[in-house]
Each structure stands twice: as structure tokens, then as C-alpha cells.
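Novice: Model the structure of this input:
(2 chains)
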There are 2 protein chains.
Amino acid sequence: MIYLDHAAATPVSAKVLEAMKPYFLDEFFNPSSAYLPAKKVNADYEAAKGEIAHAIGAKGNDIIITAGATEANNLAFTAISSNAKVLYLKTEHDSVRNPARQFDYEEIEVDKNGRIVLDDLKKKISENTEMISVALANNELGTIQPLAEIASLIREIRIERMQKKNPHPLFLHSDASQAMNLLDINVARLGVDLLTLNAAKVYGPKGVGALYVAHDVRLKPVTLGGGQENGLRSGTQNVPGVIGFAVALKNAKEHLNGNRKKYAEMRKVLLNEVKDYELINKKYSLDNFVVLCFDGLDAERLIYALEDRGVYVSTGAACAASKGVRSHVLMAIGLTESEIAGSLRITLGETNTLEQIHEAAKIINEVVEAEKARISG
Amino acid sequence: MIYLDHAAATPVSAKVLEAMKPYFLDEFFNPSSAYLPAKKVNADYEAAKGEIAHAIGAKGNDIIITAGATEANNLAFTAISSNAKVLYLKTEHDSVRNPARQFDYEEIEVDKNGRIVLDDLKKKISENTEMISVALANNELGTIQPLAEIASLIREIRIERMQKKNPHPLFLHSDASQAMNLLDINVARLGVDLLTLNAAKVYGPKGVGALYVAHDVRLKPVTLGGGQENGLRSGTQNVPGVIGFAVALKNAKEHLNGNRKKYAEMRKVLLNEVKDYELINKKYSLDNFVVLCFDGLDAERLIYALEDRGVYVSTGAACAASKGVRSHVLMAIGLTESEIAGSLRITLGETNTLEQIHEAAKIINEVVEAEKARISG
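Specialist: Numbers count the residues shown, from 1 in each chain, chains lettered A, B, ... in the order given. The predicted structure is shown next:
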């Protein structure tokens, strides 16, 4: 099997599972219990939160553990008032688009590379805009957004608002789920107020995520109960999940440079050896994203044919693909219907070797040839 | 170590972890992906949901997977309109009390056994009461509630409402988290419209729960995004967690009768061998709950002294205990301040042997003696 869909899911690394194991079996205590073994579990949990936060240049108290990126994205939107205006990038994931659409919202345009059109953002910010949500790297294209530039624009507007005595806050939220394996993330450098993390995309367990929350942001709880996570997210802590998340993130951080080099090389091999494609994500992309368009062919048919040959790729986000809708991301960058229908998303990851990539390029060529022959046949 | 706090947390059984393992490492695919190995993961996930539902006499489509009981309890309250009235039992867990208090609410009284006072419930149901929440078994006392009787009362009121053309629905919600190891649960027999389940209390993983939802109940989503769980709870499915939950519940179901006999015998040993206590949960209790009051002593001191001797018990719910507040459950059944301060909760579970229980009784007696000597000293 050559798995080339790491943006959809990553396996839990053996090291991560090993770290989680004792917390399933022996260190299973409720972190809120009064006796020492439980207090130790609680300390380990808090230490793991500290490590997760440290990986993005924050402190343990700055993050809220959630059951995944979707919950973290939803939680982020509790920072603003119900009559506020929200702006989000046209290419955002549904877990940003759908909570954003509960408010008065507008979409920020992207250019043909999938990058934010800053002038469009500027134009759309109004008196009562309280939230701007822009993923650090897009989940279908890998496009990296210039968050620091957006943050600097936001700072200017905040100063203006202060002078005009406009009481609306203005927050920058970013979903960093896809970026954590490839970018060295630091919340201060990015200038974000809210940042979403996802364990399941960095070889950690599914069902665990986190939201970084800057000091001046006040959230409202999404679940009420025992008051865990500073009262914002009640429920017995998922101790093994958070332990695993911390190990996974630490691992990602340690291998960042090596992995980038590795993926950049693999990407080059694919671009050299695959024939007759149009590269969709030419610029500003994460090194592990390769989006290839075979205009005139049906990517759905290609992925099934590739699957028969043991190569696993996707047409877009897993959750969108399963609903059979055209990718709103590829539409946003101005692809034609036919280009969208012919686009494959290849996302490289830790399960891949260079040999696999050579082999995958060969198989893709054969499958594309066969499909062309079938059509013209 | 003699762990007697299974109501606070249970270890993940080796069998459960074994079942989860392949879904961490090899069957890690996103259940929404289009290729066959992912579709197989999705099928396994749905099959596990089916088994969880089957354990309570329901179908897979009737349950929504959540990140735990707290989220499930919160989700249950989305079934009603914001101006509805809510009734909940005075002894409910904070994860019911706190969401309920977002509405116009009243508490239903309990008697000295912790059982619902049905006349009080009847009296408090008004025209716009839409939700009644009563845990199947209480988390501090183990008190089992007569849900079928409550459900039958609710059915009468529904008929009355129909005749009077009162459009308000009336739902019965129950948190069954503590009951799953000891009771054979069937949603039809109980007559509930909404039922909360919790993997972490049945030797399954933390961070996984479920809400059973009857066909005529319409919930509102708590998280928006990719549309998983019938659109009610978006986010990539926690596949290993749900696989583990299914195995854990199946296991609980298989050992129900054996465990009840085992715990009943252990309970008898404790009641026979421990000296000079008042038994708080005399009647209607789950067999694995033993709440002992040593009036005049400080249970906090006792649990630390017991911990020194390797015996782990609690004073009440872990999340309440960690905040140092007097138990609202023990207050509700009419205990004095001094009785509450002197009460220990012992909850038996699969980690216990009969030898441990004899030993624990002996140690409790010695610790209580020493504490009495210290006070009178």
C-alpha cells in the first residue's frame, strides 16, 4: 500500500501509542480525585498540556483541550457577540465555515494560488467585524497564508477603533491543523488570538485537539458540568489522548526540518516523473501537498483505479468528498468545472519512502494512460 | 493497592485496549475517505455504534457518539426550546444541573434513600415543562430511580396535553453513566427519550460517550462542520474510542449477573466487617456502591489515612471533591453537616477481589480507630 492521503488521516505513531498505554491501563485515575496517584495523573495531564502549548510558544493555561479541531473551531467563535460580523477565507474547512455562518458573515477572496486577497479583506472589515478566520495552511491545497501580515493589519484597525471609541474587539483565528507537521508555529510570531490544533493530523490520536486562546479573549463554555478546562469544557479529561497528543507534537517539532526536506524531494520526484498534468498548488504550498489536475479526466475514476493498484489519494477533503460535492476550495481559486473534476490531492507523510513515490508516479502515469485510452477508445 | 473508587474512573480493560490497537496503528483511515480501506474503517465504526446501541435495546442510528457523558448530557438539552421549563432531580451530576440551569428550572426532591419523590415531580410539572432529567443511578449513592414509573407518568401528561392542544413536548432524559456495569438497560423498558452513556465508567476509554435519542426527538447540533453523526456532532470520528466502547459495553453486559453477585457479596463483607458506621445508601442502591458515615470524624482525613495504607476511596464525586464543596447529593437526602463531613464513598469494581475487601475492612477499622484516638487524645 502506498498511502498518499496524510491530510485526511495519519496513523498513530508507535511511540505515541506506547506513551498512551500506561494511562489506559494503570494510570487510569480520575485527574480530579483527591488521592496521590490521581494527583500524579493530573500533574502528567497538565505537563502534557504544557508541552502542547510549548510547541506553539504558549503556556499550558493558554490552551483548552477539546475533542478535536472541529470542536476547537466552534469554541473559537464563542469569543464574539451574536450580532458581530465574521470574515473567513473562502477556502476554509466546513468546521470554520459552518460556525461562522451562524453570524453575519462575508467570505474573503483568494487569488489563483489560494492566497488571501488582502485588499478584499481590508474592504470587508466593517465597524462590527469581530472575527477573522484564516487557516494557516489550507486542507486541500496546502496554501500557507501570510498570517503575520493579516495580524499587523488587525493591529492597525484595533488602534483606529480605540481612537474612535469603537468597543468591538477584533480577533484573528486560525486553524493550524494541516500545518503542524511542516511549519514551526509560534503564536506570537503569527499574531493570532485563537489557534486550532489537531492531534489526529500529527500522528496522534483521533478525538483530541486544542484551542490556543490569547489572554484578552473571553470564551463562553460549549459544555457545562464539572468545570474542567477552566470551566470552558467540562467532562473528565481524556488523559491518554492528551499524553499522546503531546508526544506527537513534540515528535513533529523535532523532525520538522528533516521532514520538510524529505517531502520537498518527494514532491520534486512526483512533479518530474508524473506526465501531462497541470500543477494546481504551484506556490506558497506546504511541501507535502501536491495537487495535480488531469483536465478532461474524472479524478473519481482515477482514485478508484489507483486504489486497485494500491495507491491511495483523494479528490479533496475527506468529509466533502464523501458527500459528493464539488470542492469549494478549487472553485474559489478559479478552476473550471472540468479542472475541478480532474484534480487529485496527494499528501505526503511519515508512512512514505522515496521508493514509494517513484512507484506511485509510475502507477499514476499508467492509470492516466489507461483512462485516456478508455475515453478515446 | 486496593482501589475502591470505580465510580470516579475505571481502567481500560486489556481486551478493550487490544481491540482499539489496530485502529490506532493500521486501520487509521478517515472514515469519510473514498477508498476501500477507509470504507472498511467506516463500516467497523458503524458496526461498533450498532453494538453500543444494541446493548441498550436500540439501533446504531438512534445514538450520537460524543466525547463523553458530559457532552451527551449537554446535547440532550438541545431538544427543547429556550423558553421551556426543565425539571431535574436534586441529586443530579453537575453535567446535568449546569445545562439545566440555562433554562427556567426546578429541582425535584428526593427522599432519605435518594429516591425521587414522585408527588413532588407531579406537582412541579407545568404547562411548559419540556424536559425531566433523572439519572438512572446516582453517582454518589448508587440510588436506582424508578424510571419506568416516571415514564408512565409522562405518558399520561402527554395524552392530557394532546387533548388540551398544548404543543409542548415532554421528554425524559436519564444519565445512565453509573448504571451500565450493574443494570440490564433497555430504553423501551425504561421509557426514556434520551439516555446518556459513558465509556470511561465501563472499562472503556475516556473521552467517549453516547446519547440515545428517540425517533420523535429533534436535537440541535452542538458543533458544526463536516456533518458527521447525522450533522449533530461534526468532527472526524474517534474510531478507536468507539471500537473500545463497544467492546467494553459488550463485556459489561456479559458479566452483568456475575458482577452483581460478586459486588453484592463484597458489599455484605464490608457491612459485616467494618465497625461503627451508619450505612447511608441502605435501599435501592447499585450493588457496587457502599456509602458509610462515620459521624463526628472527618472523611477527608480518613481518605488520606486510608491512602497511606494503600486503600483508595472518595468522599463524593471526583469533580465536586476537587473543589472542596459539600456534596449537594448528601445534603439533598437530609444528612447533617457532620454526617456529610464523615461520609465515605466506596465503589467496587473489576479490579477488586474478595481478599482485598476483607483487607480493606480491616484497614478502615484501624484507620477509624486511630482517628478516634487522635481526636479524643
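Novice: got the domain boundaries for chain A?
Specialist: A:2-10+A:256-376, A:14-254 (automatic domain parsing).
Novice: How far away from the center of its chain is the last one?
Specialist: Here domain A:14-254 is found 10 Å from its chain centre; the criterion is C-alpha atoms, centre = their mean, to the nearest Å.
Novice: gap between the two ends of it?
Specialist: 16 Å (C-alpha to C-alpha, to the nearest Å).
Novice: send the alpha carbons of stretch A:190-200 over as PDB?
Specialist: This file holds the C-alpha atoms of stretch A:190-200, laid out as PDB (Å, rounded to 0.1, in the frame of the first residue of the first chain):
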ATOM      1  CA  LEU A 190       1.800  34.600  13.800                       C
ATOM      2  CA  GLY A 191       0.000  37.300  15.800                       C
ATOM      3  CA  VAL A 192      -3.100  35.100  16.200                       C
ATOM      4  CA  ASP A 193      -5.600  35.400  19.100                       C
ATOM      5  CA  LEU A 194      -7.000  32.000  18.600                       C
ATOM      6  CA  LEU A 195      -5.300  28.900  17.100                       C
ATOM      7  CA  THR A 196      -6.800  25.500  16.500                       C
ATOM      8  CA  LEU A 197      -4.600  22.300  16.800                       C
ATOM      9  CA  ASN A 198      -5.400  18.700  15.900                       C
ATOM     10  CA  ALA A 199      -3.800  15.600  17.300                       C
ATOM     11  CA  ALA A 200      -5.100  13.400  14.500                       C
END
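Novice: and that stretch, does that touch chain B?
Specialist: Yes. Against chain B, stretch A:190-200 shows contacts by C-beta under 8 Å from any C-beta of the partner chain at A:Ala200. (Glycine included, C-beta is placed from N, CA and C.)
Novice: what's the answer for stretch A:5-25, then?
Specialist: Yes. Residues of stretch A:5-25 contacting chain B under C-beta under 8 Å from any C-beta: A:Asp5, A:Ala8, A:Ala9, A:Thr10, A:Pro11, A:Val12, A:Ala14, A:Leu17, A:Lys21, A:Phe24, A:Leu25.
Novice: Whichever of these end up buried, select them in ChimeraX.
Specialist: A single ChimeraX command selects the buried members of those (16 or more other C-beta atoms under 10 Å in any protein chain shown):
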select /A:5,8,9,10,11,12,17,21,24
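Novice: just curious, which of the residues of stretch A:5-25 next to chain B is nearest to A:Lys362?
Specialist: A:Asp5 (18.5 Å; C-beta to C-beta).
Novice: contacting residues for A:Ile375?
Specialist: For A:Ile375, the contacting residues are A:Gly296, A:Leu297, by C-beta atoms under 8 Å, 6 or more residues apart in numbering or on different chains.
Novice: For B:Gly207, see how far away it is.
Specialist: 48 Å (C-beta to C-beta, to the nearest Å).
Novice: Which helix or strand in chain A has the lowest average pLDDT?
Specialist: Least confident helix or strand, chain A: helix A:318-321 with a mean of 55, by mean pLDDT, DSSP states H and E.
Novice: right, and the helix or strand after the host helix or strand of A:Asp44?
Specialist: Assigned by DSSP states H and E, A:Asp44 belongs to helix A:36-54. Next in sequence after helix A:36-54, counting helices and strands by DSSP H and E, comes strand A:63-66.
Novice: Convert that next one to PDB, retaining C-alpha atoms only.
Specialist: Taking Å, rounded to 0.1, in the frame of the first residue of the first chain, the C-alpha atoms of strand A:63-66 are listed here in PDB:
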ATOM      1  CA  ILE A  63      -4.900  26.200  25.700                       C
ATOM      2  CA  ILE A  64      -8.200  24.500  26.100                       C
ATOM      3  CA  ILE A  65      -8.200  20.800  25.300                       C
ATOM      4  CA  THR A  66     -11.100  19.700  23.000                       C
END
